[in-house]
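[1] Have a look; sequence and predicted model below, questions after that.
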Amino acid sequence: MKQNMNTHSSIINLTSAGLFAAMITLTTAYIFHIPYGSNGGYIHFGDTLIYLAAVLLPRPYAIAAATIGGGMADLMTAPMWTPATIIIKIMITLPFTSASPQILTHRNIAAPLLSMLFSIGGYFLAEGILFGSYAAALISITGNLIQSIGSALIFLGIATALDHLHIKQKITQLET
């Protein structure tokens, strides 16, 4: 019986991770995709979905959704960024927790700030390496900051609504 429940839960988590990866890809690459600067960068809200995956799914599934979704978006729009994006998307999932029955825990409210630091710092380093100039990479900080703040605000709004709907409890009921 326990083996059956674990298999059922794994199927739900794997399916959810696949759906999140697809939504992250589309939202990052095409939906509200706003190019900026000469470095191939763009503002998107795919990170909002990464944050949601990180609070709704167990960590390995959230990381898979984030890296597959972000990596696929970069492969389709700016392939040179793919290796950096995969590492950065792993890092931005780590501050979040899915262990609480609520989405908006103290940790998950602070997590977007830490994720913003990982994202801005990671892309700054990547751009300096890719283009051979950290001075030029300074220009991208503004766009990365705007994207991170926008993603954080949208995440907090959606998370508030999902907590009012008791979505975490409903997910737990599905898994049993």
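    Alright, I've got the coordinates.
[2] how close does the residue sitting nearest the centre point of the chain sit to H8?
    For the chain, I50 is the residue whose C-alpha lies nearest the centre (Cα atoms, centre = their mean; 2.2 Å). Taking Cβ to Cβ, to the nearest Å as the measure, I50 falls 25 Å from H8. Quick note: C-beta positions are derived from backbone N, CA and C, even for glycine.
[3] With Y134 instead?
    Counting by Cβ to Cβ - Y134 and H8 are separated by 49 Å.
[4] Then S151?
    Taken as Cβ to Cβ, the span from S151 to H8 is 32 Å.
[5] Who has more neighbours out of these two?
    S151 (25 against 13; other Cβ atoms under 10 Å).
[6] Looks like the more buried one contacts F45 (just checking).
    Yes - counting by Cβ atoms under 8 Å, S151 does reach F45; the two are 5.6 Å apart.
[7] Which other helices and strands does the helix or strand containing I129 contact?
    Secondary structure assigned from DSSP states H and E places I129 in helix 106-131. If you count contacts as 3 or more Cβ pairs under 8 Å, 6 or more residues apart in numbering; DSSP states H and E, helix 106-131 packs onto helix 46-56, helix 82-93, helix 134-137, helix 140-164.
[8] Now do the helix of greatest length in the chain and helix 140-164, the angle between them.
    Once the chain is assigned using DSSP state H, the helix that runs over the most residues is helix 2-29. Relative orientation of helix 2-29 versus helix 140-164 (axes from the mean of the first three to the mean of the last three Cα atoms, to 10 degrees): 140 degrees.
[9] Could you name the helices and strands sitting against helix 2-29?
    Looks like helix 2-29 contacts helix 46-56, helix 59-77, helix 167-175 (3+ Cβ pairs under 8 Å, 6+ apart).
[10] Just the CA coordinates for stretch 95-112, please, in PDB.
    Provided in PDB are the C-alpha atoms of stretch 95-112 (Å, rounded to 0.1, in the frame of the first residue of the first chain):
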ATOM      1  CA  PRO A  95      16.100  29.700  -0.800                       C
ATOM      2  CA  PHE A  96      12.500  28.500  -1.000                       C
ATOM      3  CA  THR A  97      10.900  25.700   0.900                       C
ATOM      4  CA  SER A  98       7.900  23.500   0.100                       C
ATOM      5  CA  ALA A  99       7.800  21.800   3.500                       C
ATOM      6  CA  SER A 100       5.200  24.200   5.100                       C
ATOM      7  CA  PRO A 101       1.400  23.800   4.700                       C
ATOM      8  CA  GLN A 102       1.400  27.500   3.800                       C
ATOM      9  CA  ILE A 103       3.200  29.100   0.800                       C
ATOM     10  CA  LEU A 104       3.900  32.400   2.400                       C
ATOM     11  CA  THR A 105       6.200  31.500   5.300                       C
ATOM     12  CA  HIS A 106       8.800  33.900   6.600                       C
ATOM     13  CA  ARG A 107      11.400  32.000   4.500                       C
ATOM     14  CA  ASN A 108       9.400  32.100   1.300                       C
ATOM     15  CA  ILE A 109       8.700  35.800   1.700                       C
ATOM     16  CA  ALA A 110      12.500  36.500   2.100                       C
ATOM     17  CA  ALA A 111      13.500  34.000  -0.600                       C
ATOM     18  CA  PRO A 112      12.800  36.200  -3.700                       C
END
